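> with the input below, show me the fold.
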Amino acid sequence: MHRIFKPLVAAALLASFALPLASAEAQWVFVARKALGRIHQMTEGGQPDGRPGYDFATVLLDAHADKIFSTALELARKNPSVRILMQDPGARRLQIAEGDRTATLNVVPFNDDVSQLMIAGHAGAGEGSTASLVVQAVLRVCKEMGKHCEVSN
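From the prediction side, this is the model:
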């Protein structure tokens, strides 16, 4: 009886530690699946000199980070109205400019199947907000990759 009891207790303890971890991972996967393709945007207030602040747009995509970055880079290269100021494929970071407006794009992997695309835009002196431009850029990447994305409320 004693020989059977110790392994059962050990198995029960192991299961009690593993179940909360499995549950937490399952909850994360559920939340991530609900958030896929939902574009969130935010605007930082204006600068003290009267210039607009930064506009941000983010989206979770079910794709490898390198694929998202290469898609965004290719779209920037094909767009004659923008200039690429900086590209760092290793860090999955890209900075572009259109007139006095600049945008920085980052892709962050969560795992092999889910990554976050983030774009921050900043308007130059005398120019308006870049909010719609950063959202449009996210939508272009989504469309090019065949992903359904929509702006979250």
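
> who does Thr58 bridge with?
Thr58 has these beta-bridge partners by DSSP bridges: His40, Met118.

> give me the low-pLDDT residue ranges for this protein?
The model of the chain has pLDDT under 70 over residues 1-34, 45-52, 124-131, 153.

> can we see that at 80?
1-35, 41-54, 123-133, 153 (pLDDT under 80).

> domain assignment for it?
1-35, 36-151 (automatic domain parsing).

> what residues does the host helix or strand of Glu144 touch?
In the assignment (DSSP states H and E), Glu144 maps to helix 131-145. When contacts are defined by CB atoms under 8 Å, 6 or more residues apart in numbering, helix 131-145 is touched by residues 37, 39, 41, 43, 55-59, 61, 63, 67-68, 71-72, 74-75, 98, 101, 103, 105, 117, 119-121, 148-149, 151. All C-beta atoms are positioned from the backbone trio N, CA, C, and that covers glycine.

> all helices of the chain, in order?
In the chain, the segments counted as helices under DSSP state H are 2-35, 65-78, 131-145.

> list the buried ones in the shortest one?
Yep, that's helix 65-78 we're talking about. For helix 65-78, burial by neighbour count (16 or more other CB atoms under 10 Å) applies to Ala65, Ile68, Phe69, Thr71, Ala72, Leu73, Leu75, Ala76.

> other SSEs contacting that helix?
Judged by 3 or more CB pairs under 8 Å, 6 or more residues apart in numbering; DSSP states H and E, the packing partners of helix 65-78 are strand 83-88, strand 93-98, strand 101-109, strand 115-122, helix 131-145.

> how does it look with 10 Å?
Helices and strands in packing contact with helix 65-78 are listed as strand 54-61, strand 83-88, strand 93-98, strand 101-109, strand 115-122, helix 131-145; criterion 3 or more CB pairs under 10 Å, 6 or more residues apart in numbering; DSSP states H and E.

> export those to CSV and tack on mean neighbour count?
Output for the helices and strands packed on helix 65-78, formatted as CSV (neighbours: other CB atoms under 10 Å):
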stretch, mean neighbour count
strand 54-61, 22
strand 83-88, 13
strand 93-98, 18
strand 101-109, 20
strand 115-122, 22
helix 131-145, 18
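
> check contacts around the residue nearest to Ser115 when sequence neighbours are not counted.
Leaving aside its sequence neighbours, Ser115 sits nearest to Ala65 (CB to CB, 6 or more residues apart in numbering; 4.0 Å). Ala65 makes contacts with Arg92, Asn106, Val107, Val108, Pro109, Phe110, Asn111, Asp112, Val114, Ser115, Gln116, Leu117, as judged by CB atoms under 10 Å, 6 or more residues apart in numbering.
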